[in-house]
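Chemist: here is a sequence with its predicted model. Questions after.
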Amino acid sequence: MTQCGRESAERKGQGLMLGALVCWKKTGRRGHRVVLYAVSGNNKQLELKNPSLNPFVEESHFVPSIVSSGKIDSVLAKNDLKIHELTEEINKLTLVNKESPEIKRLIAERTKLTAESLAKVFSLYTFTRFDGKKVSLNEIIKVHGGRLPPTGTGDCCAPKLLAYAFANGLEPVSMDEIYYGRNTAHKINGLSYPPCDERCAFILPSILGLEILYRDNDIVIVNKPSGLLSVPGKGEDKQDCVESRVRFLFPQAPKQPAVHRLDMETSGILICALNAEAHRKMNEQFSEGNVHKKYIALLDGILHGKPQGRTELPFRLDTENRPHQIYDKENGKLGITEWKKLGVKSGLTRIEFTPLTGRTHQLRLAASCPVEKGGLGIPIAGDSLYGSCKEGQRLMLHAAEITFAHPTSGQELHIICEADF
């Protein structure tokens, strides 16, 4: 391992991660195995010696930094000196009077310059997604509501390795990252660690196309974003969905891996099976009512009265206005939902829904159906079917919890995925 860029004084002597990603080549015979290697950070490089000694590997490649340390130094140069001068002033004043209002002003000025420099660095980063398309770090930041990630985001092993694999038509199979350096409170030299929550978790969902909450040999559980279909629709423009993305990442999965569905506008927990037996057993649990779910929603108004309750609504498909469902006391099937009021903010009521049946649009109807018919009388915010949805607004409904028995081990799994609203 060699130093190929300026080493910052703050990071000198700190440890790093060594990553390896095993891939298959998609072109040619499937047995062609490629292993990619990477080092965290952007100022070190690995020299691969005698990779042919491993009989199972036909190709080995070192994956360089996505952005060179030289380019980063170049964009940082403008503010670096001023930031350094401000830090010295702050340190001097702190020795005299820690409560000086001048310190607060200088810190605010330094924070502004640091954020400006960080944004310029992030604008240099672009990654290749699972589908071969490019996504910039700035686009990923927008997905997170404009929140800037920590310094060094984009230089971890996992984003480098996966982006390189997707850019070169490789199918990722398995990955490992090992910490190398002096032991710390959180990491021990020579042990494997998963991708970090601070930086990798910020980027990887956009590269993989899915935020994976849990995965083993039988199931994968994802956080479906609002606006993405659960399963393919009719037409070429509706083929991108959770199922297609799962099958891309896990080619061995069944053709239809999803074991339940969420409306396109609804976000949250969605389970897919990775083999036929797991799919069958999960379907049994859903059909027998042994899967328990909780949703979080924001109602488009203030719900008065009791803090919790239960709705029992008979409804059916409106055949002349698909996919709307309509209240029908005579021919409708019962949708039963328990609800709990969690709070009110900015004119919206936060509700926890627990569906006891699994009917299409059940929660949306429980919210929007008039009080005299048994509903709450206030549609979910952003509901384009049963309420109103402004341009750029999403349906404020999120599948936040699910409890079920693992299809193979039988062990109870309780998955939580908090809403981002």
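Modeler: Arrived safely, thanks for sending. What you are looking at is a predicted structure, and each value in this text was computed from that prediction instead of being measured.
Chemist: which residues of the chain fall in helices?
Modeler: Listed in chain order, the helices found in the chain under DSSP state H are 69-96, 101-122, 137-143, 157-167, 200-208, 242-249, 276-287, 362-368.
Chemist: could you dump those helices into JSON lines with distance to Thr184, mean pLDDT and mean neighbour count added?
Modeler: Yep, even glycine has a C-beta here, placed from its N, CA and C like the rest. Putting the helices of the chain into JSON lines (distance: least, C-beta to C-beta, whole Å; pLDDT from 0 to 100; neighbours: other C-beta atoms under 10 Å) gives the following:
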{"stretch": "helix 69-96", "distance to Thr184": "23", "mean pLDDT": "90", "mean neighbour count": "13"}
{"stretch": "helix 101-122", "distance to Thr184": "24", "mean pLDDT": "93", "mean neighbour count": "14"}
{"stretch": "helix 137-143", "distance to Thr184": "27", "mean pLDDT": "95", "mean neighbour count": "17"}
{"stretch": "helix 157-167", "distance to Thr184": "17", "mean pLDDT": "97", "mean neighbour count": "24"}
{"stretch": "helix 200-208", "distance to Thr184": "18", "mean pLDDT": "96", "mean neighbour count": "20"}
{"stretch": "helix 242-249", "distance to Thr184": "32", "mean pLDDT": "95", "mean neighbour count": "20"}
{"stretch": "helix 276-287", "distance to Thr184": "38", "mean pLDDT": "97", "mean neighbour count": "16"}
{"stretch": "helix 362-368", "distance to Thr184": "45", "mean pLDDT": "98", "mean neighbour count": "25"}
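Chemist: closest to Arg322 out of these?
Modeler: Evaluated over the helices of the chain, closeness to Arg322 peaks at helix 362-368, with 14.7 Å, by C-beta to C-beta.
Chemist: who are the packing partners of the closest one?
Modeler: strand 292-299, strand 308-317, strand 333-345, strand 348-355 (3 or more C-beta pairs under 8 Å, 6 or more residues apart in numbering; DSSP states H and E).
Chemist: circling back to that earlier point, and the helices of the chain as a markdown table, adding distance to Val34?
Modeler: Formatted as a markdown table, the helices of the chain follow (distance: least, C-beta to C-beta, whole Å):
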| stretch | distance to Val34 |
| --- | --- |
| helix 69-96 | 26 |
| helix 101-122 | 29 |
| helix 137-143 | 26 |
| helix 157-167 | 8 |
| helix 200-208 | 18 |
| helix 242-249 | 17 |
| helix 276-287 | 29 |
| helix 362-368 | 46 |
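Chemist: just list whatever residues bridge to the closest residue to Pro64 other than its chain neighbours.
Modeler: Once flanking residues are discounted, Pro64 sits nearest to Gln45: 7.0 Å by C-beta to C-beta, 6 or more residues apart in numbering. The bridge-partner assignment for Gln45, based on DSSP bridges, gives Thr2.
Chemist: next: Tyr179.
Modeler: With DSSP bridges applied, Tyr179 shows beta-bridge pairing to Met17.
Chemist: from Met264, how far out is it?
Modeler: With distances defined as C-beta to C-beta, to the nearest Å, the gap from Tyr179 to Met264 amounts to 41 Å.
Chemist: neighbour count: the two, which is higher?
Modeler: Set side by side, Tyr179 and Met264 give different neighbour counts by other C-beta atoms under 10 Å, the larger being at Tyr179 (20 against 17).
Chemist: isn't the more buried one up against Gln14?
Modeler: No: using C-beta atoms under 8 Å, Tyr179 is not in contact with Gln14, being 10.7 Å away.
Chemist: give the contact list for the residue positioned nearest the centre of the chain.
Modeler: The central residue of the chain, meaning the one whose C-alpha is nearest the mean C-alpha position (C-alpha atoms, centre = their mean), is Glu211 at 3.3 Å. The contact partners of Glu211, by C-beta atoms under 8 Å, 6 or more residues apart in numbering, come to Leu204, Pro205, Val222, Asn223, Pro225.
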